[in-house]
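Peer 1: Fold the following.
(one chain, ligands or ions: 1)
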Amino acid sequence: MANVKTLVVTGHGTNCERECAFAADQAGSDQTVIAHFSDLTSDRICLADYNFLILPGGFLDGDDLGSAQAAALRWRHIRTRRGAPLMDELRRFLDGGGLILGICNGFQLLVKLGLLPALGGAYFTRQVSLSHNDSARYEDRWVTLKINSASPCVFTRGLDYLYVPVRHGEGKLVPGDETILDRLREENLITLQYVDPQTKEVTQAYPANPNGSPLGIAGLTDPSGRILGLMPHPEAYTHPTNHPRWTRGETSVLGTALLQGGVDYLRGR
Ligand SMILES: NC(=O)CC[C@H](N)C(=O)O
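Peer 2: Now for the predicted structure:
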């Protein structure tokens, strides 16, 4: 039974690292560390010592050049103090069976690094982007999500619907070419979709879909199912009283369930 060692990477404008670490602990992570990005490059922190990497939400580099765009370049081109490219460590982390969860700004980083969706196993090749919401506004409210049970994603096993908050300005998925949406469907890499809260039908219509993402795409996985990126914030729903209508007795599956799925997978359950 593997110990779950979680690394939450912060710095350069992230703002959800403490919530993410709290949710990881709640999901049963044995060891959870919040580290600045520079700790990775100064070799104070080594990715190889962890098996669960969380890229939290926030405003990396102030969303200048587009959300997570500069951060993706930083990850892609920086070397650690020992001289090795950080990307080599990330590759080894994935080859070694590590899990990655990217939330909101973290999801934006994963697509801009080309780690999601990795259609056809083409990792580190950018195939989609996340860009400005159709509303041209920052959207900050709760949404209903449907989970695709046919997806290989290890985080969402056993879940059907989630009710969680979104807070983003750039959440609309933009495919790199006209074949991508079909391929995402065929390879079952669409893990989470916005649905109408009444009919539970997948929707591209505002406001149930906060950004106009095609096919209601709210979250994607990779072919291994060990990487999940999503625009909504599961780590913001860790207690029943986070639910906007808890005083009326309303409740639902906590967002923590997603992190729990990752922890259970690492434990071999
Ligand atoms: N909460 C977030 O992570 C927001 C991500 C990004 N800054 C956006 O507005 O789209």
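Peer 1: Which parts of the stretch 51-200 of the chain are helices?
Peer 2: Remark: helices assigned in the stretch 51-200 of the chain by DSSP state H, counting those that start in this stretch are 69-77, 86-95, 105-113, 180-186.
Peer 1: so where do the strands sit in the stretch 101-250 of the chain?
Peer 2: Taking DSSP state E, counting those that start in this stretch as the criterion, the stretch 101-250 of the chain carries its strands at 128-131, 139-147, 161-168, 172-175, 190-194, 217-221, 227-230.
Peer 1: Relative to Ala72, which of these is closest?
Peer 2: strand 128-131 (10.5 Å; CB to CB). The C-beta positions use only the backbone N, C-alpha and C, and glycine is treated the same way.
Peer 1: Just name whatever secondary elements that closest one is in contact with.
Peer 2: helix 105-113, strand 172-175 (3 or more CB pairs under 8 Å, 6 or more residues apart in numbering; DSSP states H and E).
Peer 1: ok, and does the longest one reach over to the ligand?
Peer 2: Yes - using CB under 6 Å from any ligand atom, helix 105-113 reaches the ligand at Asn105.
Peer 1: And the contacts of that helix?
Peer 2: 13-14, 16, 54-60, 67-69, 71-72, 75-76, 100, 102, 116-117, 124, 126-130, 168, 170, 219-220, 227, 229-231 (CB atoms under 8 Å, 6 or more residues apart in numbering).
Peer 1: Name the residues of the chain found near the ligand, please.
Peer 2: Residues of the chain lying near the ligand (CB under 6 Å from any ligand atom): Gly57, Gly58, Phe59, Asp63, Ser67, Cys104, Asn105, Arg167, His168, Gly169, Glu170, Gly171.
Peer 1: if we take these, which one ends up nearest to Gln198?
Peer 2: Gly171 (21.8 Å).
Peer 1: if I look at the closest one, how far off is Asp134?
Peer 2: With distances taken as CB to CB, to the nearest Å, Gly171 is found 10 Å from Asp134.
Peer 1: Pick out whichever of these two has more residues nearby.
Peer 2: Of the pair Gly171 and Asp134, Gly171 is the one with more neighbours under other CB atoms under 10 Å, namely 29 against 17.
Peer 1: Would you mind giving me the confidence score for the residue lying closest to that one once chain neighbours are set aside?
Peer 2: Nearest residue to Gly171 in three dimensions, chain neighbours excluded: Asn211, at 3.8 Å (CB to CB, 6 or more residues apart in numbering). We have a pLDDT of 98 for Asn211.
Peer 1: Asn211: neighbouring residues, count only.
Peer 2: The tally of other residues near Asn211 (other CB under 10 Å) stands at 27.
Peer 1: before we move on, the earlier item: can you work out which residues contact both of Gly171 and Asp134?
Peer 2: Going by CB under 8 Å, 6+ apart, residues that sit against Gly171 and also against Asp134 are Asn211.
Peer 1: wouldn't Met231 be in contact with Lys172 here?
Peer 2: No - proximity of Met231 to Lys172 does not meet the contact threshold set by CB atoms under 8 Å, at 9.2 Å.
Peer 1: on that earlier part again, okay, the helices and strands packed on strand 128-131 in a markdown table with mean neighbour count and mean pLDDT next?
Peer 2: Formatted as a markdown table, the helices and strands packed on strand 128-131 follow (neighbours: other CB atoms under 10 Å; pLDDT from 0 to 100):
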| stretch | mean neighbour count | mean pLDDT |
| --- | --- | --- |
| helix 105-113 | 26 | 98 |
| strand 172-175 | 20 | 98 |
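Peer 1: among these, which is nearest Thr256?
Peer 2: Comparing these under CB to CB, the one sitting nearest is helix 105-113, at 16.6 Å.
Peer 1: between that closest one and strand 217-221, how big is the angle?
Peer 2: 60 degrees (axes from the mean of the first three to the mean of the last three CA atoms, to 10 degrees).
Peer 1: Run through the stretch 1-150 of the chain and note the low-pLDDT ranges.
Peer 2: Where the stretch 1-150 of the chain drops to pLDDT under 70, the residues are 1.
Peer 1: Give me the nearest residue to Trp246, chain neighbours excluded.
Peer 2: Nearest one to Trp246, counting by CB to CB, 6+ apart, is Pro240 at 5.5 Å.
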